[in-house]
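Peer 1: let's see this in three dimensions:
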Amino acid sequence: MRALGVVSASAALTVGLAGSAAACDIKDFSAEAKCVGDNGVITVTDVDPAGVPATVTVFLENNGADERKVGEQVVKGSRKGVTITFEEEWKPSAEYRIHVKAAPSVDEDITPNLTTPATACKGEEGTPAPGTPAPEEPTPSASVSTPAEDSEDVEEPGTPNPSESAAESPAPADTSDNAPSPAVGDSNLAETGADSHTALIAGVAVALVAVGGGAVFLGMRRRGTGKDS
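Peer 2: Here you go, the predicted structure:
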């Protein structure tokens, strides 16, 4: 009987030690806030070798109280560790409470609470996070248009420039060719002082005078001859 009692006690101790080794513990869990690109995340890693399912809940803290619930997931750990991720655009130096519940032994928070880094994943108002190269500034154009100083100096669309109008307007027509020509006689008299046909008329007049004088002379001669006979 004594031997049987010793064996039973040894078996119970062995089972107890094995159960303790396989039990889930809050120390198997760890949390971290980090960046994935420009996005913030909170990760929780479970290194429980027994693989006991555990429910992990993340809360944002404000002055020691829960401000909002970020999310909740179930994780089944392993000896190498299993990590779950909560997407959260955390702010610098923010505080988060991570609660773990794994029946029957764990129902508590990871201590201390998680405090995020002092630098955000991306700067506020589009400012890149530290270490991100600044974008190159565009080179200003060589020619910069100067706004008109006075609205009256701005030419309205379709209004021709006075200089352009003067250049494009046709020259006034030469009216010397269209004016009525002066009379031939007036023109010749004005230029030479005598008509171009004056010599011809004078010659005809002299001829007529000569013919008339000859006729008168012949008539008078005939009359004289008749009286003599």
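Peer 1: so where's the protein uncertain?
Peer 2: In the prediction, the chain carries residues with pLDDT under 70 at positions 1-22, 123-198, 224-229.
Peer 1: need the strands for it, in chain order.
Peer 2: For the chain, applying DSSP state E gives strands covering 29-36, 39-46, 53-62, 65-76, 82-87, 95-102, 106-109, 114-115.
Peer 1: now distance to Ala202 and mean neighbour count too, for the ones you listed, in TSV please.
Peer 2: In short, each C-beta sits where N, CA and C put it, glycine included. Putting the strands of the chain into TSV (distance: least, C-beta to C-beta, whole Å; neighbours: other C-beta atoms under 10 Å) gives the following:
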stretch	distance to Ala202	mean neighbour count
strand 29-36	125	16
strand 39-46	123	19
strand 53-62	134	18
strand 65-76	133	13
strand 82-87	128	15
strand 95-102	136	20
strand 106-109	147	15
strand 114-115	137	18
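Peer 1: and Gly219, which of those is closest to it?
Peer 2: Shortest distance between Gly219 and the strands of the chain, using C-beta to C-beta, is found for strand 39-46: 146.0 Å.
Peer 1: give the pairing partners of the closest one; include direction for each.
Peer 2: Take DSSP bridges as the rule and strand 39-46 pairs in its sheet with strand 29-36 (antiparallel), strand 82-87 (antiparallel).
Peer 1: keeping just the C-alphas, turn it into CSV.
Peer 2: Coordinates of each C-alpha in strand 39-46 appear next as CSV, following Å, rounded to 0.1, in the frame of the first residue of the first chain:
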residue,chain,number,x,y,z
ASN,A,39,0.2,52.9,-42.4
GLY,A,40,0.3,52.3,-38.7
VAL,A,41,-0.4,48.8,-37.2
ILE,A,42,-0.4,47.1,-33.8
THR,A,43,0.9,43.6,-33.6
VAL,A,44,0.4,41.0,-30.9
THR,A,45,2.6,37.8,-30.8
ASP,A,46,1.7,34.6,-28.9
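Peer 1: which residues does it contact?
Peer 2: Outside strand 39-46, the residues that touch it by C-beta atoms under 8 Å, 6 or more residues apart in numbering are 28-35, 54, 56, 58, 70, 73, 75-78, 81-90, 96, 98, 110, 114, 116, 120-121.
Peer 1: repeat for stretch 63-76
Peer 2: Here stretch 63-76 has contacts from 42, 44, 46, 51-61, 82, 84, 86-88, 96-97, using C-beta under 8 Å, 6+ apart.
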